[in-house]
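1. Below are the sequence and a predicted model; questions follow.
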Amino acid sequence: MRQRTDITQQAVESMTRELQEIQEFTIRIAQGAGKIICEHREEAELTSEFKRGTELVTNADLAADKYISDAIQQQYPGHLIVSEESSPDIGNIQKLKQPVWIVDPIDGTVNFAHGHNQSAVSIAFVNQHQVSVGVVFNPFTDEMFTAQKDGGAFLNGEAIQVAQESNLRRAIIATGFPYEKSNMEPMIRRVREVLNHCADIRRLGSAALDICWVAVGRLDGYYESLSVWDFAAARLIALEAGAKCGNFSEVPEEIDPQFYDQDLLITNEALYPQLLAVLHSAEGH
Ligand code: IPD
Ligand code: CA
Ligand code: CA
């Protein structure tokens, strides 16, 4: 029995060590990608085009994506990568047996291309179907948000926590608007309701940073529909900082909420039911 306990203990320790190594590697590649992004802006080498007619993508997005994907492939050849610019669709993440990396090389490309500093590299690592490491790095402010599952959340190495605001009327809520603008009505109804019930709204232009800003207490709440690379890392960071991470519409039974990209809602525990009720009232519930 004792021997078995020792083996289990050893397995836990080796897993923790492995995750620690993965996190250190992730931080290094986020910094490397950040350097590439900053250099593209400083050296005025920026070129851009529009994916699907509306989604801005620059040569910095592509260069950072390639750098991150190459680094992961070299270090962990058996792992899979979901990355916005080079491999956005590798099938159902939940069903993949191998470890998976979920990458947004620049979250906040419109900000980046217009000289705003609210942009970040976002990298999540999924092991045994669990988002286990999350790193979001803003190279313009040199802010590195990190989390390991069950290990707390950090900004530049200092532990962070969500804000303690419990009054929705005093709360600052962030959201975002989709590139595709064919069905604006429900979104406008939500903005109207939320604005009517909270102190103010922000549209800062980087979902990953919006969620990290909830984690660090600069924002009180956040809601939006996204793609998995926008939120996988930041959601873990928010959870580890004490946020409640859910959805304001029903998550289909077969989908793990860690990867469900529709109608995200992230706040502290006290504000969650209040904001949820407001968002539901916008749907006419
Ligand atoms: C976008 C940003 C934005 C959000 C959009 C995302 P991108 O990501 O996160 O804040 O509103 O839905 O697509 O295109 O800059 O990587
Ligand atoms: Ca994004
Ligand atoms: Ca992006």
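-> Yes, it's here. Ligands and ions are numbered 1, 2, ... in the order given.
2. Ile201 - how many residues pack around it?
-> Ile201 has 14 neighbours, counted by other CB atoms under 10 Å. The way it works is simple: take the backbone N, C-alpha and C, and place the C-beta from them, glycine included.
3. Likewise for Cys212?
-> Using other CB under 10 Å, the number of residues around Cys212 comes to 33.
4. Figure out the helix or strand that it lives in.
-> Here Cys212, judged by DSSP states H and E, is contained in helix 207-215.
5. So in that sheet, which strands flank whichever helix or strand comes after that helix, and in what orientation?
-> Moving toward the C-terminus from helix 207-215, the next helix or strand (DSSP H and E) is strand 221-224. Looking at strand 221-224 with DSSP bridges, its partner strands are strand 172-175 (parallel), strand 264-267 (antiparallel).
6. Can you tell me which of those strands is most buried?
-> Most buried of those, by mean neighbour count (mean count of other CB atoms under 10 Å): strand 264-267, with a mean of 26.
7. now for the helix holding Cys212, which elements pack on it?
-> Under the contact criterion of 3 or more CB pairs under 8 Å, 6 or more residues apart in numbering; DSSP states H and E, helix 207-215 touches strand 100-107, strand 120-127, strand 130-138, strand 172-175, strand 221-224, helix 228-240, strand 264-267.
8. closest one to ligand 3 among these?
-> Ligand 3 lies closest to strand 100-107 among the helices and strands packed on helix 207-215, at 4.5 Å (CB to the ion).
9. Partner strands of that closest one, with direction?
-> strand 80-83 (parallel), strand 120-127 (antiparallel).
10. Which one of the ones you listed lies nearest to Pro99?
-> Set against Pro99 and scored by CB to CB, the strands paired with strand 100-107 come closest in strand 120-127, at 5.0 Å.
11. does that closest one come close to ligand 3?
-> No. Shown here: strand 120-127 not in contact with ligand 3 (CB under 5 Å from the ion), separated by at least 8.1 Å.
12. Need the mean per-residue confidence for that strand.
-> Strand 120-127 carries an average pLDDT of 98.
13. How far does it sit from its chain's centre?
-> Offset of strand 120-127 from its chain centre (CA atoms, centre = their mean, to the nearest Å): 8 Å.
14. now do stretch 174-183
-> 17 Å.
15. Return the set of buried residues in it.
-> Across stretch 174-183, burial judged by 16 or more other CB atoms under 10 Å covers Ala174, Thr175, Gly176.
16. does it come close to ligand 1?
-> Yes. Stretch 174-183 lies within reach of ligand 1 by CB under 6 Å from any ligand atom, at Gly176, Pro178.
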